[in-house]
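Asker: model this:
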Amino acid sequence: MLVRSGIMRSAWRLSCRLALILWIAAFFSCLDVKSVYADDCRRVNNILILFDASGFMKEKDHYTTLLRQMQYFEKAIPLTADGFFNIGLRHYGLKVGMGCDSTESILAIQPWDPERFLNSFPKSVSYGTSALAAGLRAAGDEVASADGKSIVAVIGGGLDSCKSDPIKITEQIRRNNPDVEIHTFQIGNAQDGTFFLKGIAQKGNGAFHNVAEFNSPAGWHEWMLKYWVKPCGHTPSLSGAVDRPSVVGPVLFDFNSSSVLSKDPATASANRVAIAAAAMSLKQNPSFRLTLRGFSDGRGKPEQNLAVARKRAEAVAQFLSSMYGIQRTRINIQVAGPSTPTSVSSRDDRMSRRVEMELTR
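Answerer: Next up is the predicted model:
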């Protein structure tokens with residue numbers, strides 16, 4: 001009986017110690033994830049996309065350009081902060097016969113849902129009028145009822161067939177809701193459209209762009225970072241001289257995988273933020289170069305470990321190139337092969353399956 005009691009006490013003490021170890025590991029794991037987001041704070045809560053679906057968009061494949069830009073937009077949001085914002089869609093100039101009141105909300109402002117966002121866009125346009133002023137009025141009313149700061153992004157040719165003055169409408173929206181910002185993105189180069197969209201952006205406390213500037217998700221990502229998020233606190237800048245290597249990341253990988261998009265949501269988000277940080281540093285510092293050092297967890301044959309380590313480094317390089325336009329000549333790949341975990345916070349071998357990123361001059 002005494003022996004059994006002693007065994008039970010030992011087992012209980014062991015289970016308590018194990019629980020404590022797991023709790024500490026989980027705690028530090030949370031710290032690791034939170035530190036990634038330490039510099040990402042919401043500057044705005046809501047984004048409303050107001051796009052031109054009028055007959056004018058049939059000319060010169062303008063509507064095809066719009067749909068392509070929205071695909072770039074959809075791919076850029078997870079890089080910026082997936083789930084961070086509420087998104088809505090409204091268009092004007094779609095319904096034939098409604099004349100200058102031709103505007104409609106097709107997606108209410110709600111938490112970001114990429115599938116619903118893209119599926120909401122009509123696949124073709126009508127011969128309706130371009131009622132930009134009516135669209136602006138409706139967008140202003142919609143964001144006024146949303147909680148928190150909002151941004152309206154106007155994407156289209158910038159024409160108004162209804163002889164209204166969209167710039168004066170913008171002034172009225174700002175008087176009623178001084179916290180809203182209106183940014184404009186022109187499709188095509190119609191002179192009247194440029195005049196209106198520049199005036200709307202100026203009066204709307206926003207910025208004017210031509211969508212030709214956004215030829216990849218990277219362009220939209222940079223714009224989102226500038227206008228949607230703000231630093232939570234002071235972070236050291238890499239724009240000055242670098243006397244010794246600066247390490248960012250790492251990027252972590254699932255077992256037997258070379259995809260930067262881990263099945264674990266926290267790891268996937270951390271990877272995207274780490275790669276975005278490296279890309280921004282390279283863009284801000286043209287003299288910088290990046291070394292990617294691939295590791296594996298040591299399972300399997302040595303040649304397999306070296307191969308998967310190289311694939312992981314190549315995957316990060318490809319992500320930087322395709323999503324951010326970083327030239328491959330600025331990226332150096334090294335294969336380190338098998339490794340041991342670098343952090344006690346990892347409860348599996350994911351920290352061994354990594355790519356380290358090192359910025360040098």
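Asker: Confirm His51 sits in a helix?
Answerer: Just so we're on the same page, residue 51 is Phe rather than His. No - secondary structure assignment (DSSP: H, G, I helix; E, B strand; the rest coil) places Phe51 in strand, not in a helix.
Asker: Contact partners for it?
Answerer: Contacts for Phe51 were tallied using CB atoms under 8 Å, 6 or more residues apart in numbering; they are 66, 70, 89-91, 121, 154-156. Just so you know, the C-beta spots here come from the backbone N, C-alpha and C atoms, and that holds for glycine as well.
Asker: Would you reformat those residues as a markdown table and include pLDDT and secondary structure?
Answerer: Converted to a markdown table, these look like this (pLDDT from 0 to 100; DSSP: H, G, I helix; E, B strand; the rest coil):
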| residue | pLDDT | secondary structure |
| --- | --- | --- |
| Leu66 | 92 | helix |
| Met70 | 91 | helix |
| Leu89 | 94 | strand |
| Arg90 | 93 | strand |
| His91 | 91 | strand |
| Phe121 | 87 | coil |
| Val154 | 97 | strand |
| Ile155 | 96 | strand |
| Gly156 | 94 | strand |
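Asker: Remind me which helix or strand Ala138 belongs to.
Answerer: helix 132-144 (DSSP states H and E).
Asker: How about Met224?
Answerer: Per DSSP H and E: helix 217-228 holds Met224.
Asker: in its sheet, what does the helix or strand just after that helix sit against?
Answerer: Of the helices and strands lying after helix 217-228 in sequence (DSSP H and E), the nearest is strand 229-230. Each strand that pairs with strand 229-230, with its direction, by DSSP bridges: strand 41-42 (antiparallel).
Asker: and the helix holding Met224, what other elements does it pack with?
Answerer: Helices and strands touching helix 217-228, by 3 or more CB pairs under 8 Å, 6 or more residues apart in numbering; DSSP states H and E, are helix 62-81, helix 265-284, helix 302-324.
Asker: list the contacts for Met46?
Answerer: Not Met; residue 46 is Asn. Here Asn46 is in contact with 85-88, 109, 143, 146-151 (CB under 8 Å, 6+ apart).
Asker: If we use 7 Å, what do you get?
Answerer: If a contact means CB atoms under 7 Å, 6 or more residues apart in numbering, then Asn46 has 85-86, 109, 143, 146, 148, 150 as its contacts.
Asker: Just these: which are in strands?
Answerer: The members of these that map onto strands under DSSP state E are 86, 109, 150.
Asker: any idea of the mean pLDDT for stretch 187-204?
Answerer: For stretch 187-204, mean pLDDT rounds to 94.
Asker: Quick one: distance of it to the chain centre.
Answerer: Centroid separation for stretch 187-204 versus its chain: 26 Å, with CA atoms, centre = their mean, to the nearest Å.
Asker: Next: stretch 274-286.
Answerer: That offset, for stretch 274-286, works out to 14 Å (CA atoms, centre = their mean).
Asker: Just the buried positions in that stretch, please.
Answerer: Across stretch 274-286, burial judged by 16 or more other CB atoms under 10 Å covers 274-282, 285.
Asker: Any regions of the stretch 101-250 of the chain where pLDDT drops low?
Answerer: 231-247 (pLDDT under 70).
Asker: make it 50
Answerer: Counting by pLDDT under 50, the stretch 101-250 of the chain contains low-confidence residues at 234-244.
Asker: now the strands for it?
Answerer: Using DSSP state E, counting those that start in this stretch, the strands found in the stretch 101-250 of the chain span residues 103-111, 150-156, 181-186, 208-210, 229-230, 246-252.
Asker: can you list those in JSON lines and add mean neighbour count and distance to Ile169?
Answerer: Shown next, in JSON lines, are these (neighbours: other CB atoms under 10 Å; distance: least, CB to CB, whole Å):
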{"stretch": "strand 103-111", "mean neighbour count": "16", "distance to Ile169": "12"}
{"stretch": "strand 150-156", "mean neighbour count": "26", "distance to Ile169": "11"}
{"stretch": "strand 181-186", "mean neighbour count": "25", "distance to Ile169": "10"}
{"stretch": "strand 208-210", "mean neighbour count": "17", "distance to Ile169": "16"}
{"stretch": "strand 229-230", "mean neighbour count": "16", "distance to Ile169": "28"}
{"stretch": "strand 246-252", "mean neighbour count": "20", "distance to Ile169": "45"}
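Asker: would TSV of the ones in strands among the contacts of Asn46 with distance to Ala133 be doable?
Answerer: TSV is the format used below for these (distance: CB to CB, whole Å):
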residue	distance to Ala133
Asn86	25
Ile109	21
Ser150	19
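Asker: out of the residues you listed, who's nearest Ala317?
Answerer: Asn86 (34.0 Å; CB to CB).
Asker: wait, what's in contact with the closest one?
Answerer: Asn86 neighbours (CB under 7 Å, 6+ apart): 45-46, 109-111.
Asker: Need the max-distance pair from those residues.
Answerer: The span of those, defined through CB to CB, is set by Asn45 and Gln110 at 11.6 Å.
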